[in-house]
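>>> the amino acid sequence is not available; the structure is as follows:
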């Protein structure tokens, strides 16, 4: 059952900042910033149904991916059953040349991709329009045309809406731009329309695979926000100063970013510059999917599509501890600064080690953040909170029935459904109460924040609202620990 009414305290905005180091994006996600028209079909595509029904449908899925495990298909010589996967992403050129396929071997999918391109070309040629989405039984097909590339997403996962799948395609496109730059991408196809882009993307498949899978289990992609590592405010300030002070002496350094376990620990930036959540997500993905970064300090070109899609920046990337927990990226506009940034990195490490700060970061990562039980709400199982003005996100660790890979995947799926129903353009909601057989959820959309919480299944609407108010005040009390409240510049 759903309810749109309740007495909620919308005056608070935990984690909100007047001057943010991260660019906030709207509830519509990436689409509004990419010039893509949203399908806005939440009610037509079945997302108006009870959450319990969707859960039951997903539970009956007998696919090979039902365990949440992805079977590697590197150098696979035989075709795979594409219908057996919950989600699939294809990337091909405007000429129909295969570029990337999440599952299977692109060479064996030439015919499949050719049909996809033929459908797109047919609509363009006959109707002067673009194909955007198709629904066939349990499968949703979403097209994203970013010429000279065509991206196609296919999903039988009942939690994923058309718009959310389109967001996944946008991330994949931006990942390709991150590797090549938009300028190079356009130039190579202007010279040869049938160019095989895989020659230039060789070695990047792991980045694409990791990103594709991560989007299914990480709410930060869904909400367009950056996850921060919980740390005491005094500790974070010490870390920030240890980074910013040496960096302030380096000319043309644009960003200094410290990450750990897909969380932002601290960031310093050149004045007047901000980073978009998409760029930070791509940086996190680079770190997570590049095992070779653990071997030595690395100097690499990187394009941040939302910062400047036309050119490369250059990054000195290194882990700061033997356990390879904390990773530092020093991003500059110059290509000849490796040794200067190497010295800067040494000064930063010296300061962090002197204060014992790297071990504090490692301890926070080892504890996977914090438990929902710390909020003092017995019925609360999990929550996700987004501060809109700072584009930062905080959530409790996965516990209980959500500890397994499949449990985490299902919970994030339920948040997908909750979000899609609340942002349904036919009936946008500020508050939504959804009671299912296995859990109860409540979503709030206020001017300054979004809050989604999961409770025990027998919690009433009144009890959930009371708990949400208590939770909101707890987040406000803990905001200095959960969020980066100071925007450091150099």
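Here it is on my side, so go on. These numbers were taken from a predicted model, which means no experiment stands behind them. Numbers count the residues shown, from 1 in each chain.
>>> where exactly do the helices run in the stretch 51-200 of the chain?
Taking DSSP state H, counting those that start in this stretch as the test, the helices found in the stretch 51-200 of the chain are 51-59, 110-127, 162-180, 182-191, 198-201.
>>> find the nearest non-adjacent residue to residue 177, please.
In space, and not counting its chain neighbours, residue 177 is closest to residue 305: 4.4 Å by CB to CB, 6 or more residues apart in numbering. C-betas here are computed from N, CA, C, even on glycine.
>>> what about the one you found, how many neighbours?
For residue 305, the count of nearby residues is 21 (other CB atoms under 10 Å).
>>> which ones are touching it?
For residue 305, the contact set (CB atoms under 8 Å, 6 or more residues apart in numbering) comprises 174, 177-178, 182, 278-279, 282.
>>> narrow the residues you listed to just the buried residues.
Buried by 16 or more other CB atoms under 10 Å: 174, 177-178, 182, 278-279, 282, out of the contacts of residue 305.
>>> closest one of those to residue 18?
For the buried ones among the contacts of residue 305, the closest approach to residue 18 (CB to CB) belongs to residue 279, at 21.6 Å.
>>> now do the closest one against residue 431, distance only.
32 Å (CB to CB, to the nearest Å).
>>> would JSON lines of the buried ones among the contacts of residue 305 with pLDDT be doable?
Listed next are the buried ones among the contacts of residue 305 as JSON lines, based on pLDDT from 0 to 100:
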{"residue": "174", "pLDDT": "98"}
{"residue": "177", "pLDDT": "98"}
{"residue": "178", "pLDDT": "98"}
{"residue": "182", "pLDDT": "97"}
{"residue": "278", "pLDDT": "97"}
{"residue": "279", "pLDDT": "98"}
{"residue": "282", "pLDDT": "98"}
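>>> can I get those residues in a markdown table with distance to residue 201?
Formatted as a markdown table, these follow (distance: CB to CB, whole Å):
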| residue | distance to residue 201 |
| --- | --- |
| 174 | 14 |
| 177 | 11 |
| 178 | 11 |
| 182 | 14 |
| 278 | 19 |
| 279 | 19 |
| 282 | 15 |
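>>> what is the nearest of these to residue 221?
Nearest to residue 221 among those is residue 278, at 9.2 Å by CB to CB.
>>> centre of the chain to the helix or strand where that closest one lies, how far?
Assigned by DSSP states H and E, residue 278 belongs to helix 277-289. Centre-to-centre, helix 277-289 and its host chain are 8 Å apart (CA atoms, centre = their mean, to the nearest Å).
>>> same for it, what does it pack against?
Counting contacts by 3 or more CB pairs under 8 Å, 6 or more residues apart in numbering; DSSP states H and E, helix 277-289 is packed against helix 162-180, helix 205-214, helix 219-223, strand 226-227, strand 253-260, helix 305-308, strand 327-332.
>>> which of the ones you listed sits most buried?
Mean neighbour count (mean count of other CB atoms under 10 Å) peaks for strand 226-227 among the helices and strands packed on helix 277-289, with a mean of 26.
>>> give the partner strands of it in its sheet and their orientations.
Pairing partners of strand 226-227, with direction, according to DSSP bridges: strand 392-395 (parallel).
>>> contacts only, for residue 458.
residue 440 are the contacts of residue 458 under CB under 8 Å, 6+ apart.
>>> okay, now the residue nearest to residue 358 when sequence neighbours are not counted: neighbour count?
Closest residue in space to residue 358, ignoring its immediate chain neighbours: residue 321 at 4.8 Å, by CB to CB, 6+ apart. By other CB under 10 Å, the residues close to residue 321 number 16.
>>> how close does residue 321 sit to residue 349?
Plainly put, residue 321 is 9 Å away from residue 349 if you go by CB to CB.
>>> any idea of the pLDDT on the residue nearest to residue 233 when sequence neighbours are not counted?
Using CB to CB, 6+ apart and skipping the chain neighbours, the partner closest in space to residue 233 is residue 480 (3.7 Å). pLDDT, residue 480: 96.
>>> what's the helix or strand for residue 480?
In this assignment (DSSP H and E), residue 480 forms part of helix 479-482.
>>> can you give the contact residues for that helix?
Under the criterion CB under 8 Å, 6+ apart, residues 14-15, 228, 230-233, 394, 475, 485 lie in contact with helix 479-482.
>>> partners of the helix or strand following that helix, with directions?
Using DSSP H and E, the helix or strand that follows helix 479-482 in sequence is strand 488-489. The pairing partners recorded for strand 488-489 under DSSP bridges are strand 263-269 (parallel).
>>> strand 253-260 and the partner strand, what's the angle between them?
160 degrees (axes from the mean of the first three to the mean of the last three CA atoms, to 10 degrees).
>>> now strand 263-269: mean pLDDT?
For strand 263-269, mean pLDDT is 97.
>>> centre of the chain to that strand, how far?
16 Å.
>>> what angle sits between that strand and helix 277-289?
120 degrees.
>>> returning to that earlier point: out of the contacts of residue 305, which comes closest to residue 451?
Among the contacts of residue 305, residue 278 lies closest to residue 451 (CB to CB), at 22.5 Å.
>>> poorly predicted segments of the stretch 201-350 of the chain, please.
Along the stretch 201-350 of the chain, no part satisfies pLDDT under 70.
>>> residue 381 contacts residue 398, doesn't it?
No. Between residue 381 and residue 398 there is no contact under CB atoms under 8 Å: 9.4 Å.
>>> of the two, who's got more company?
Neighbours of residue 381 and residue 398, each counted by other CB under 10 Å, are more numerous for residue 381; the result is 23 against 20.
>>> elements contacting the helix or strand where the more buried one lies?
Residue 381 belongs to strand 380-387 when elements are defined using DSSP H and E. Identification of packing neighbours for strand 380-387 by 3+ CB pairs under 8 Å, 6+ apart yields helix 219-223, strand 392-395, strand 449-455, helix 461-477.
>>> so what strands line up beside that strand?
In the sheet, strand 380-387 lines up with strand 392-395 (antiparallel), strand 449-455 (antiparallel) (DSSP bridges).
>>> of all the ones you listed, which lies closest to residue 376?
The minimum distance between residue 376 and these falls on strand 449-455, with 13.7 Å, by CB to CB.
>>> and the average pLDDT for that closest one is what?
Averaged over strand 449-455, pLDDT sits at 97.
>>> quick one: that strand to chain centroid distance?
Chain-centre distance of strand 449-455: 18 Å, with CA atoms, centre = their mean.
>>> check which residues of that strand are buried.
Result for strand 449-455 [16+ other CB under 10 Å]: buried residues 449-455.
>>> same question, stretch 434-441
Buried residues in stretch 434-441, defined by neighbour count with 16+ other CB under 10 Å: 434-436, 439-441.
>>> and what of stretch 395-403?
For stretch 395-403, burial by neighbour count (16+ other CB under 10 Å) applies to 395-396, 398, 401-402.
>>> which ones are touching residue 476?
Counting by CB under 8 Å, 6+ apart, residue 476 touches 12, 14.
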